[in-house]
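# Here is a sequence together with a model predicted from it:
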Amino acid sequence: MRQLATLRTFLEAYRSGSLSAAARTLNLTQSAATNHIQTLETAIGHKLFERHARGVKATPSGHALAQSIARPLDQLEVAFSTAQIGSRQQLSGTVHLIAPAEFSEARLAPAIKQLVSVGIDIRLGLAGRSGIFKALADGSADLAITASTPEDDALDARTIATETLLLVGAPAFESSRHALQEAPLIAYDGQLPLICEYWEASFQSVRFQRPVVTAPDLRMVRVLVKAGIGISVLPDYLCGDDIEAGRLIRLHEPAHPIRNRLYLAWNRGALRHPRIVFVRDRLSEFFTQNSDAGND
């Protein structure tokens with residue numbers, strides 16, 4: 001078990017680039033984490049890290065070791081955590097979940113209700129893409145729902161659902177169907193991710209008007225579109241009811257549905273906690289099995 005502990009400390013330090021961060025994640029003292037690395041270096045006979053002012057950087061030997069142990073060690077910890085799930089005591093505690101505000105409002109409550117019913121406390125945080133991945137990386141969030149895949153090697157993700165993107169406007173924009181590239185736009189991000197994706201897929205172009213309003217929340221974008229200020233691209237789960245009630249109209253029918261994937265992401269090191277493995281798997285099952293979460 002001690003050898004496994006030293007390997008886990010090494011892998012956490014490798015992924016985070018910091019011995020102090022690894023110590024915090026594993027609930028170790030700084031000196032204990034340092035001793036783990038020194039013990040491993042002595043056993044292997046090679047230096048694994050170069051120390052510098054901002055943390056540690058793997059040597060070629062350290063990089064080779066990380067590549068060889070990462071997958072089997074992660075799988076071993078998940079298997080061990082899964083084996084502990086039968087004990088209710090192992091599930092008790094708090095799981096920090098972070099997600100976009102609009103998705104949380106529209107889709108998360110039924111899933112959280114199931115988790116609370118088995119004694120797990122959920123601390124829900126709201127953030128956009130950069131905030132979500134930062135929270136996962138620094139350990140302030142255990143799990144996250146996001147429309148993007150993580151680039152950090154310390155993080156992993158799986159697809160849980162899809163959302164269909166719709167180009168919508170207030171009924172007053174009915175006449176704009178044939179001049180969509182000239183219509184005023186409302187966007188929720190300065191990079192215009194949904195709008196660019198829709199235009200490229202539908203029109204093979206990114207030529208459109210500069211947004212007249214940018215809002216940091218898709219729910220606010222929906223409110224502004226309903227007010228007749230401009231048109232926008234929204235996920236189906238946010239605007240379906242308004243379309244059915246006639247408060248919004250679809251301005252374009254693409255040849256093929258334009259979909260975004262939604263992911264459940266986590267810090268690999270967090271999976272040593274049985275309750276986090278349990279919540280990850282229950283959330284995956286919930287959204288995969290419920291077509292109203294965005295799957296067609």
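Perfect, I can see it now.
# Do I have it right that residue 254 meets residue 203?
No. Applying C-beta atoms under 8 Å as the test, residue 254 and residue 203 come out as separate, 9.1 Å apart. In short, each C-beta sits where N, CA and C put it, glycine included.
# Give me the spatial nearest neighbour of residue 208, chain neighbours excluded.
residue 181 (5.2 Å; C-beta to C-beta, 6 or more residues apart in numbering).
# The one you found against residue 206, yeah?
No. Judged on C-beta under 8 Å, residue 181 makes no contact with residue 206 at a distance of 10.0 Å.
# what residues are shared contacts of those two?
With contacts taken as C-beta atoms under 8 Å, 6 or more residues apart in numbering, residue 181 and residue 206 have no neighbour in common.
# residue ranges with poor pLDDT in the chain?
Residues of the chain that meet the criterion pLDDT under 70 lie in 1, 84-90, 207, 291-296.
# Mind jotting down where the strands sit in the stretch 1-150 of the chain?
Here the stretch 1-150 of the chain has its strands, by DSSP state E, counting those that start in this stretch, at 49-52, 55-58, 93-99, 120-126, 143-146.
# I'd like the ones you listed laid out as JSON lines, including mean neighbour count.
Formatted as JSON lines, the strands of the stretch 1-150 of the chain follow (neighbours: other C-beta atoms under 10 Å):
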{"stretch": "strand 49-52", "mean neighbour count": "13"}
{"stretch": "strand 55-58", "mean neighbour count": "18"}
{"stretch": "strand 93-99", "mean neighbour count": "19"}
{"stretch": "strand 120-126", "mean neighbour count": "15"}
{"stretch": "strand 143-146", "mean neighbour count": "23"}
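# would CSV of these with distance to residue 285 be doable?
Converted to CSV, those look like this (distance: least, C-beta to C-beta, whole Å):
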stretch, distance to residue 285
strand 49-52, 39
strand 55-58, 36
strand 93-99, 15
strand 120-126, 15
strand 143-146, 14
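# So which of the ones you listed is nearest residue 188?
Closest approach to residue 188 among those is made by strand 120-126 (13.8 Å; C-beta to C-beta).
# Parallel or antiparallel, which strands does that closest one pair with?
strand 93-99 (parallel) (DSSP bridges).
# so how far is the partner strand off the chain centroid?
In this view, strand 93-99 has its centroid 12 Å away from the chain centroid, taken as C-alpha atoms, centre = their mean, to the nearest Å.
# Could you say which helix or strand holds the residue nearest to residue 110 when sequence neighbours are not counted?
The spatial neighbour of residue 110 that comes closest, neighbours along the chain excluded (C-beta to C-beta, 6+ apart), is residue 286 at 7.4 Å. Here residue 286 sits within helix 274-289, counting by DSSP states H and E.
# got the phi/psi numbers for residue 202?
Torsion angles at residue 202 (phi, psi; degrees, to the nearest 10) stand at phi -90, psi -40.
# Isn't it up against residue 256?
No. Using C-beta under 8 Å, residue 202 makes no contact with residue 256, being 9.2 Å away.
# Where do the helices of the stretch 151-296 of the chain begin and end?
193-203, 218-226, 236-245, 274-289 (DSSP state H, counting those that start in this stretch).
# what's the answer for the stretch 1-150 of the chain, then?
2-16, 19-25, 30-44, 60-84, 88-91, 101-103, 109-116, 129-138.
# Perfect, I'm done here.
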